[in-house]
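need a structure here:
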Amino acid sequence: MQELILCEYEEINSLLYKPIITTQRIKYTCINTSTNYIVLGSTSGSLYLFTREPCIFQQLIPLSEGPVIHLLISPDEKTIALATKRGSVCIINLKPTIKLLSVLNEHINETITCLCWNEKSTEIYVGDCNGKISTIVLSIFTVNGMFQPPTCTLMHLDSTIVQMDFSMRYLLVSTLTRCYICDTAHEQFKQIGNKARDGEYGGCFYKIININQSEKKLSNTENDKILNKTSGINSIIGLSDEMNDEQQNLIVYCARPGCRLWEVTTNGIVIKTHQFKDALPILSSNIYITPTIKLLQQSINNKNDKQQFNSNPSHNFSRLIVVNKKYLLSYTTNSLYIIDPINATVILWTDEFTNIAMIHIIDDKIYLMTLSGLFHCLTLSNVDTLIIKLFNCKLYNDCLQLCMVYRGELLKSINGNDKIIKITDDDEKFDLSNLQINDVTTILQQIISAIQRNSNAHPQRLNSGIVVVHSGNGLLCSEKNYRSLTPTETKMKLDDNNYKKNDYESLSDTEIVYDNSVRVKKNIVTQINQEQRQQSHQSVDENICNNMSQINFKDCDNLEKSIESNNRNDNSTANELRRKEIEITASNIQLDLEPVNILISTLKSSTTEMNAEHFENIICQIGKIIVDINNKYDEIIELKQFLYEIIRSIERNYYHILLENITIKLLSATNNICVLNEINKAFIDLNTSNYLECSCENPQMNNQQLSEPKFVEIGQTLIEKFIKENNNEKFISLIKYVPYFWREYLLIYVNKNGLIDDNIIRLCLQTQDNIIISILLPLLNTKQWKIAIECIERMKINHCLFCNIKFNSANNSEIDWNGVAHEIIVKQKSDSALKFIKLLETKLPSIKFKQNVYQSLIFNKLLNHHGYEHAVKFDHDKLSNSEFSSVCSPEVRNVLVEALEKDLKRPIDKNIFGTGPYHWGIRFNKNSSTCPACTLSLKTPVLLGENGISIFPCGHAYHVNCLVEKKLTTCFLHQ
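This is a model prediction of the structure:
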């Protein structure tokens, strides 16, 4: 068996920090991972959701409950539970749509220390610093938002909850002093062991794979059925303590002081104590970090996570987590241990990270967060598997470097089947930089071929008795990354399919099965050509020898020491040279961009003096320089993000200066296509920060109120030119990104073209803007109304009006018909408005207008009857806004209430008149809540006295006492 190593070959810091790279205020506080997701909590209270493989930012989940200290994704990945600093627990639904289900305050003002889901994702267990454990139960009703999820206290224990784990129906709880196992089905719990402890020691469940388990499951006799029924009845009434097969295969490991582990049954009985103190290696293991990751860590000055090694470390196991379904991981703030509990050995331990905050594990991936807020993704693997993974990730140089560092393990693996390979001395120094990519892949392909043949040499017998023979590509192709093989790989694969005859002669035909579901024919043994196999293997082995001889293995012992020294030395020659090369390249990028800055500065001073040709010349030069720089540095992976950000920053600055300095006169007069296209591109770029696009390349619905775009006069000039030139394509393209202009140019466009296209209807409706829709709808004919009604129905179910794809956004996608009606009342006379509102109710019976719509119609009809054309809009919602205040004293309010109740013959709510010591029964739209004379609040009782306040026609209000004191008769703000 090959030794296991910890490797870091994936850099996730830059990817995880991308959403908050522009802010210094928000910091990450915690991390959790699942099969498909990575979720990060932050000091702002919001969550940042990423896909795990590949690591891509998906969505910000905004919350306002305070900093997040713990979070946990449910096993079915549909829900997230999080704990905040103030002790509240939030339940967030991920699927089908992201929404906050509830906020629970069972542990308010206490520090929550851990969260735990059951396996069915229906219950959450919450533990705090006082030893209190509560449970939150989710159901179909809570997920749908019908009811608040119930919560109850499960138990009160003696000290802080350190760790919780759940398996089957059992909850394992570890406190500072003891461990408890709880049977949640029978609501019973037992203390594990009698000896107390003092410290943060954890525990976890561990499932043992029983060799005879599958054979026992195949047994299905009548006696078994009777025994199962009897056992089931006994378990219901609580008479049986016997455990079924799954319970017998489930054991508990609890950490104890002095690097010990208790092995415990689910009944809480300690079977044995494992002592690992003497099994710990004297020296800590190095985490193998690929050269690429080392370089990236140096570039961000990542020195806080890795400090000097401790020469006399004190060992202790703390929290326990299962790794790769086979090993245990334990970690403290300064150490990390990998334990094989079955063989009672410590595989490795390391103290390279001295400020570990938390660790989460998915299969063989270890996601580590440090106290300084940095993240690391470690992989626990043997050398062979790691070589394949690096090769699959196309990290060829890193893969070959790994072969050099662990060549001893690699040669043992190859020599397991091939005794031909001998490493020859070579006087020439091996240098990765001298090898072309084709040479590297050729070497790696042949090494991988030997690894595969070694793994295929011995068939594996499963628990069921089936023998699996690997097809030769199992290692090369990962489950999530299939690709076509190159001709060289195909030939190599065919060569590897020549198996040893002696290994299979003893197997029956029915026992032989391939991983890729290819059945082996009965005559497979007779078809193997022994001589051909030996020749093909010999040729491959000779190639490996020739290529491996390129690597300098002279004086192997010294080389091992040299490699070990290089791994511990962050300032190795190769990495230092690469770092300097990147620094020089970054400086060169800035130097190459200097001409762009000079050209941009000429726009500020010379725009009014330049003609269109000079203007075009500058635009073309800037565009060419940016394209050349992108092409020149595109292949440098380490600088891709830097290159994008610096060019994007220059482009934004260029666009802003361009639009700020160009004159409307020049823009109106020019017919230069290059200039117009550049102005159009700049205008769209600066005004599409909130633009959301569907997969069909049409805008998504956005219920945010449209605001006037930046450089609105530039946009108006462009649109007028497009309309004048009948360039409908350019007109639609611009207005699609900046829909605000539909308000002004929809009627102009329709009058110019004489029709309304179906896509115009969809674009206008999808804006959800009251003004635009109030202009559009009166223009529709009967046929177009059918299209509009169909679109409106789609909007109700949040579907795209162009491709009918459902949006994931939780925004309200319905039209504000009351707002549309008010806009129509303002634009048209009362008779026309009334006629159109009746038409709306006929076409869309589901629409229900508010009372204020009809009030506006009636009042405007009265005004028109008396010769007033001014439209008045009744909107009760605005009366409750903060800009409107009620000024009514308690004495006047009581008189008003009494009079109104007599007139209306129904009770009146006193609150509609407001509260406070005022002396008038009126509402006023105030410009300020303070008195301009004294700058104090209008509600200051001492200044109000018996005189109250005085309001001037301008809307400014004063304390009457202040007016008397200062002898003011008018608002002095307008003097």
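
Quick one: mean pLDDT over the helix or strand where Y48 lies.
Using DSSP states H and E, Y48 sits in strand 47-51. In this model, strand 47-51 has a mean pLDDT of 93.

which of the residues in the helix or strand following that strand are buried?
Note on strand 47-51: by DSSP H and E, the next helix or strand toward the C-terminus is strand 56-61. Neighbour counts using 16 or more other CB atoms under 10 Å place F57, I61 of strand 56-61 among the buried residues. Every residue, glycine included, has its C-beta placed from N, CA and C.

on that earlier part again, which residues touch the strand holding Y48?
15-16, 19-20, 28, 36-42, 56-61, 63, 68, 71, 80, 82, 92, 94, 98 (CB atoms under 8 Å, 6 or more residues apart in numbering).

quick one: which of these sit in helices?
Mapping those onto helices (DSSP state H) picks out L15, L16.

circling back: please save the CA atoms from the strand holding Y48 in CSV.
C-alpha atoms of strand 47-51 as CSV (Å, rounded to 0.1, in the frame of the first residue of the first chain):
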residue,chain,number,x,y,z
LEU,A,47,-24.2,34.4,2.5
TYR,A,48,-22.1,33.9,-0.6
LEU,A,49,-23.0,30.8,-2.6
PHE,A,50,-20.5,29.0,-5.0
THR,A,51,-20.6,25.9,-7.0
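
Sheet partners, orientation included, of it?
Strand 47-51 has its sheet partners listed here by DSSP bridges as strand 37-42 (antiparallel), strand 56-61 (antiparallel).

Return the distance of that strand from the chain's centre.
Mean-position distance between strand 47-51 and its chain equals 2 Å (CA atoms, centre = their mean, to the nearest Å).

Okay, buried residues for that strand please.
L47, Y48, L49, F50.

If you drop the residues flanking it in sequence, what lies closest to N597?
Computed as CB to CB, 6 or more residues apart in numbering, the closest residue to N597 that is not its neighbour in sequence is I650, at 7.3 Å.

Just to check, N597 is in contact with Y654?
No. N597 lies out of contact with Y654 (CB atoms under 8 Å); the separation is 9.1 Å.

In terms of neighbours, single out the busier of these two.
Between N597 and Y654, Y654 has the larger neighbour count (other CB atoms under 10 Å), namely 22 against 13.

Let me know the distance separating the closest residue to the more buried one other than its chain neighbours from L667.
Once flanking residues are discounted, Y654 sits nearest to I600: 5.2 Å by CB to CB, 6+ apart. Distance, I600 to L667, by CB to CB, to the nearest Å: 18 Å.

swap in K902?
For K902, the distance to L667 equals 67 Å [CB to CB].

Looking at those two, which is more packed in?
L667 (18 against 8).

With adjacent residues omitted, what lies nearest to the more buried one?
Nearest one to L667, counting by CB to CB, 6+ apart, is T717 at 5.1 Å.

elements contacting the one helix or strand that neighbour maps to?
For T717, the host element (DSSP H and E) is helix 712-724. In terms of contacts (3 or more CB pairs under 8 Å, 6 or more residues apart in numbering; DSSP states H and E), helix 712-724 is packed against helix 664-669, helix 673-686, helix 728-737, helix 742-753.

So, low pLDDT: which residues of the stretch 501-650 of the chain?
In the predicted model of the stretch 501-650 of the chain, residues 501-572, 574, 604-612 satisfy pLDDT under 70.

residues touching the nearest residue to L718 once chain neighbours are set aside, list them.
In space, and not counting its chain neighbours, L718 is closest to N680: 5.8 Å by CB to CB, 6+ apart. Applying CB under 8 Å, 6+ apart, we find N680 in contact with L718, K730, L734.

Quick check: the gap between the second one and N397.
Plainly put, K730 is 48 Å away from N397 if you go by CB to CB.

do the last one as well
L734 sits 47 Å away from N397, going by CB to CB.

These two: which has the busier surroundings?
Using other CB under 10 Å as the criterion, L734 and N397 rank with L734 on top: 20 against 17.

wait, doesn't the more buried one sit right on E720?
No. When contacts are counted by CB under 8 Å, L734 is not listed as touching E720 (11.3 Å).

tell me, what's touching the two both at once?
What both L734 and E720 touch, as defined by CB under 8 Å, 6+ apart, is an empty set.

Which positions in stretch 781-795 come out as buried?
Q784, W785, I787, A788, C791, I792, R794, M795.

just how off-centre is that stretch within its chain?
That offset, for stretch 781-795, works out to 37 Å (CA atoms, centre = their mean).

Going by residue numbers, what spans are helices in the stretch 351-500 of the chain?
For the stretch 351-500 of the chain, applying DSSP state H, counting those that start in this stretch gives helices covering 383-392, 396-405, 407-415, 437-456, 487-496.

So which residues of the stretch 101-250 of the chain form helices?
For the stretch 101-250 of the chain, helices defined by DSSP H, counting those that start in this stretch occupy the ranges 140-143, 213-218, 222-237, 245-248.
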